[in-house]
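J.: need a 3D model of the sequence below.
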Amino acid sequence: MKKDDCTCTQNSSPFWSGGFSRRRFLQIAGTSLMASYFPDVLNAGLLESATTAAPLLQNSAKNCLLIFLAGGISQVDTFDLKEGSWTPPALAPATAGSVRWPQGLFPKIGQHLDQLALIRSGLAWAAVHPLAQKWAQIARNPSGATGGIAPHIGSVVALEAQLHRRSTDVLPGFVALNGTVAGAGYFPASNGPFAVQAAQSGLAALTHPDGASRLTKRWNLLNALDDARKSGELGSDSADMADYYDEGKALIDSPDVNALFTFSSEERTRYGASVIGDSLIVARNLLAADKGTRFVQVTDTNWDHHSNIYGTTGISLLTKGKAFDDALGALLSDMSTRNGSTPGKTLLDETLVVVLGEFGRTVGPITPNGGRDHYLRMSVMLAGGGVRGRRVIGRTNADGSAVAEFGWSANRDVRPEDITATMYSALGIDYTTVRHDDPLNRGFEYVPFAKDGTYSPVKELF
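T.: Now for the predicted structure:
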């Protein structure tokens, strides 16, 4: 970490907060406390409002799609393009308005710059993959006091959305394609990620091999023999399993659900015939269906280019960039032309799309290994959900190593906590919320320190 990249202090940095060790958490986890902490998670009496910071709720989106580029995409070759002797001709830098863009790398995404916003003053807390990835997905230090019990951002969204679920909402509130590094945390497991791997044929598990009639008989027998499981008298784990069973049966009994997980060969080709392309087709289908899914995470791996970053074959920025451009370009085209559930709005209007990795990559010439190493400075790309296009937040210096202008009202680096607060704000969720149902009895903050004004949404995006 460069000295000028660290604006933390012992009083404000999550690295210094909490003082609660992993060993201590495991000691508590081994007691009866962990088995008896589930109160009614939707009880308003468990919540506490902001103390010193009034929340700024944009309430401009119905859904959120998080596209997580695991490994850390090179910001100086993409969203904060810096050119030099190292820049390969394949990037074909071009100017679009005030934005310098790698047109050769992302030509299809470039067609949507009028819908995109870029944050160039982002800064991760850690340059270690597991730590930084989880930090970005739970909005706090994973090794801090509440890191071990913290739910994924999508789980918070799913829990909050429960209050508004309709009888037609048969889909899980939170769907994860290609995995996440965090789950429901201490929340009920039903708020955790519904894990899916995209396939043209959909989800085979939605069809019972012995037929619907046989499944119904087995289901009725299970409920007759296992009433204790549903009653909750066996504890939270049993109640969680009952919820899983009920949700799974609801999906099986919904004849149109599997169609949301399937797609044609033509669609697959248009989205680039890749893992991320297939995943974004399914994400689009789930959100367009408006059947209960409010948060989708699509994870795309292999962005950790310590070598071969400009290679034309193998796993490189150029090969990964082609697949990403095909997929996201097609998604933005579809979502911006497809009607949303609200009259006069498109699916993109209703959905906040957030693209980020866990950190960025080193700047200037590439390393002797032909790549770029881990670096805290990073960029974030957003679209839809009320975000104004052709907007750039922050400006870095000539080589991208440090911020020249932060570009937003807080006048500091944009941290993962700020990105999370921005997502919650767009969805109308009070990011200053403090819950009082956590097993540690500390009070669980949706975004740590947000209630004190330390972290906040990047309002300049809207």
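J.: residues in contact with Phe194?
T.: Going by C-beta atoms under 8 Å, 6 or more residues apart in numbering, Phe194 touches Leu171, Pro172, Phe174, Val175, Ala176. (Each C-beta comes from the backbone N, C-alpha and C, glycine too.)
J.: just the pLDDT for the residue nearest to the second one when sequence neighbours are not counted.
T.: Spatial nearest neighbour of Pro172, excluding adjacent residues (C-beta to C-beta, 6 or more residues apart in numbering): Phe194 at 3.8 Å. On pLDDT, Phe194 comes in at 92.
J.: same question for the one 3 residues further on.
T.: Here the pLDDT value assigned to Gln197 is 94.
J.: which residues touch it?
T.: Leu177, Asn178.
J.: return the distance of it relative to Thr168.
T.: Between Gln197 and Thr168 the computed distance is 26 Å (C-beta to C-beta, to the nearest Å).
J.: check Gln137 too.
T.: According to C-beta to C-beta, Gln137 stands 29 Å off from Thr168.
J.: with Val458 instead?
T.: 34 Å.
J.: next: Leu382.
T.: With the distance defined as C-beta to C-beta, Leu382 ends up 29 Å from Thr168.
J.: ok, and the closest non-adjacent residue to Arg338?
T.: Leu347 is the one closest to Arg338 (C-beta to C-beta, 6+ apart), at 4.5 Å.
J.: right, and Ile419 touches Val380 too?
T.: Yes - look at Ile419 against Val380 with C-beta atoms under 8 Å: they come within range, at 6.2 Å.
J.: quickly list what's touching both of the two.
T.: Ile119, Gly122, Val354, Leu356.
J.: phi, psi for the third one please.
T.: As for Val354, its main-chain torsions (degrees, to the nearest 10) stand at phi -120, psi 130.
J.: the first one too?
T.: For Ile119, the backbone dihedrals (degrees, to the nearest 10) come out as phi -100, psi 120.
J.: ok, the last one next?
T.: Backbone torsions of Leu356, given as degrees, to the nearest 10, read phi -160, psi 160.
J.: quick one: contacts for the closest residue to it other than its chain neighbours?
T.: Counting by C-beta to C-beta, 6+ apart, Leu356 lies nearest to Val380, which is 4.6 Å off, once chain neighbours are set aside. Contacts here follow C-beta under 8 Å, 6+ apart; on that basis Val380 touches Phe79, Leu118, Ile119, Gly122, Val354, Val355, Leu356, Val414, Ile419.
J.: Val458 and Thr168 - which one has more neighbours?
T.: Val458 (25 against 11; other C-beta atoms under 10 Å).
J.: from what I see, Ala199 and Val275 are in contact.
T.: No - using C-beta under 8 Å as the test, Ala199 is too far from Val275 to be in contact (10.5 Å).
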